[in-house]
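Colleague: Pasting the sequence and the predicted model now:
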Amino acid sequence: MLPKVYIRHLSEKIGSEVTLFGWASRVRASGKVCFMQFRDGTGFIQVVGTVQEMSEKDFELMSHLAQESAVQVTGKVVESDKSPLGIEILATGIVLVSATQNYPLTPKEHGTDFLMDHRHLWIRGQRQQAILTIRHHIVSAIRTYFDDADFTLVDAPIFTPNECEGSGTLFSTEYFDGTAYLSQSGQLYMEAACEAFGRAYCFGPAFRAENSNTRRHLTEFWMVEPEVAFMDLDGDMELAEGLIQAIVRRVLERCPGELKLLNRDVTFLESVLAGPFPRISYTEAVEILQKSGSPFTWGDDFGAADETIISEQFRQPVIVYGYPREIKPFYMKRDPKNPEVALNMDILAPEGYGEIVGGGQREDDLKTLEAAIGHENLDPELYSWYSDLRRYGSVPHAGFGLGIERTVAWVCGLSHVRETGAFPRFPNRLKP
Ligand code: 4AD
Ligand code: MG
């Protein structure tokens, strides 16, 4: 029963007879003809059944199929102006693989909680398939970008003994006689990897115990984190800009149908490919906020609303660099020209999507790093291996993290990150 042809490739089969395996997402029958919306995981297609082309038994079966029944359908691929694919199937036979009753997700509108409770079924829907397909292409574009640029994939651990991005957002778990934390970021390990491989990246889940129910925060999200030896902040910005362009280029090329289904206005995405992203300092971003009437003062961190105001000034993603050193993690390098600010950057997506990238140059001087570890009251013993990287062949190095879910939300034009992964995790959602 192995499928030999999938809907994705059917336009090459016009005129021939094919057998497809999949599910009936909707069936509508009227007298001597019935229409089945059919999906096989690679796409959706209309299957038309008629009493002329099918046996009476098969026609009856098809006309009465309940939503999400599994079937094997045989028919001829024919052209059709009405279908978005330009083709449909004229059925000649159908076999029931398994009958379904009372599928919970009917074509009527359902509330978000109900849909999230049925996420294991919801991901079969056309809109969810489009989003998750785009996510797939984004992930694939990211891997290709780094693999083609001489990076080595080095997987970072999930169980860690220490924090990377502040103790306030650590998940802890029993680890035999002690405690382990779920990784907030693979960065510290990538810093070791870049001194071993020159250019390294990790790509995996990150965890943040942030009890914030916003449209941008997950407790578990995926992040790609490149780290490069002998690279400064400027190189870091270029690397991140190239990555975002590669992502957008891939989705525009490979997913026009999905973007259309999501009603995505692609003009913003197209302008991403146009040229260098605007770069502004944190201080300039503060001026933008103050001009817009915000009471924001220099030294504060941007909230979601602030990021929206800043990013709305630009059509392209905007790179904001040089944040106050005091509000940033211990590993960030100070700007030698102005020690009040860090050699860091965030990239804010346009259309109010907020920060999708955070990164920068790392402190590469042993004494300064040890002082920063002390200043944050971190246990130097836990970071001794990290300090070693400054003892043995320390070099200027930089990297960043790009969050997959926020990137998918922006590229797809979604109002919330909850639909950007198959089984998202929030403070109040651990099921299914
Ligand atoms: O800015 P963040 O916290 O940076 C780091 O973790 C660095 N150690 C990365 C590095 O330099 N290697 O996180 C990076 C990105 C954010 O810009 C955002 O896209 C995503 O990770 N992110 C989240 N996405 C969803 N939910 C959350 N709670 C997120 N926290 C961060
Ligand atoms: Mg950040």
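Modeller: Here it is on my side, so go on. Quantities reported herein were computed from a predicted structural model and do not represent experimental measurements. Ligands and ions are numbered 1, 2, ... in the order given.
Colleague: burial count for the closest residue to residue 197 other than its chain neighbours?
Modeller: Spatial nearest neighbour of residue 197, excluding adjacent residues (Cβ to Cβ, 6 or more residues apart in numbering): residue 152 at 4.3 Å. (C-beta placed from N, C-alpha, C; glycine too.) Applying the criterion other Cβ atoms under 10 Å, we find 14 residues in the vicinity of residue 152.
Colleague: what does stretch 381-388 rub up against?
Modeller: Contacts made with stretch 381-388 from outside it, assessed by Cβ atoms under 8 Å, 6 or more residues apart in numbering, are listed as 161, 162, 188, 191, 192, 366, 369, 370, 373, 380.
Colleague: The first one: what's it in contact with?
Modeller: The contact partners of residue 161, by Cβ under 8 Å, 6+ apart, come to 180, 181, 382.
Colleague: What subset of the contacts of stretch 381-388 is buried?
Modeller: 162, 188, 191, 192, 369, 370, 373 (16 or more other Cβ atoms under 10 Å).
Colleague: Doesn't the second one belong to a helix?
Modeller: This points to residue 188. Yes - following the definition DSSP: H, G, I helix; E, B strand; the rest coil, residue 188 is counted among the residues of a helix.
Colleague: surely it meets residue 157?
Modeller: No - Residue 188 is not in contact with residue 157 according to Cβ atoms under 8 Å; the separation is 10.3 Å.
Colleague: ok, back up a step: among the buried ones among the contacts of stretch 381-388, find the lowest-pLDDT one for me.
Modeller: Lowest in pLDDT among these is residue 162, which has 91.
Colleague: give me the element it is part of.
Modeller: Counting by DSSP states H and E, there is no helix or strand that carries residue 162.
Colleague: Chain neighbours aside, what residue packs nearest to it?
Modeller: Closest residue to residue 162 in three dimensions, ignoring its sequence neighbours and counting by Cβ to Cβ, 6+ apart: residue 382, at 4.3 Å.
Colleague: Let me know the secondary structure of the one you found.
Modeller: Going by three-state DSSP, the secondary structure assigned to residue 382 is coil.
Colleague: Equivalent analysis for residue 240, please.
Modeller: Reducing the assignment to helix, strand or coil with three-state DSSP, the entry for residue 240 is helix.
Colleague: ditto for the one 4 residues further on
Modeller: Per three-state DSSP, the secondary structure class of residue 244 is helix.
Colleague: Am I right that it is in contact with residue 347?
Modeller: Yes - counting by Cβ under 8 Å, residue 347 is a contact partner of residue 244 at 7.0 Å.
Colleague: shared neighbours of those two, which are they?
Modeller: Jointly contacting residue 244 and residue 347 under the rule Cβ under 8 Å, 6+ apart are 277, 317, 356, 357.
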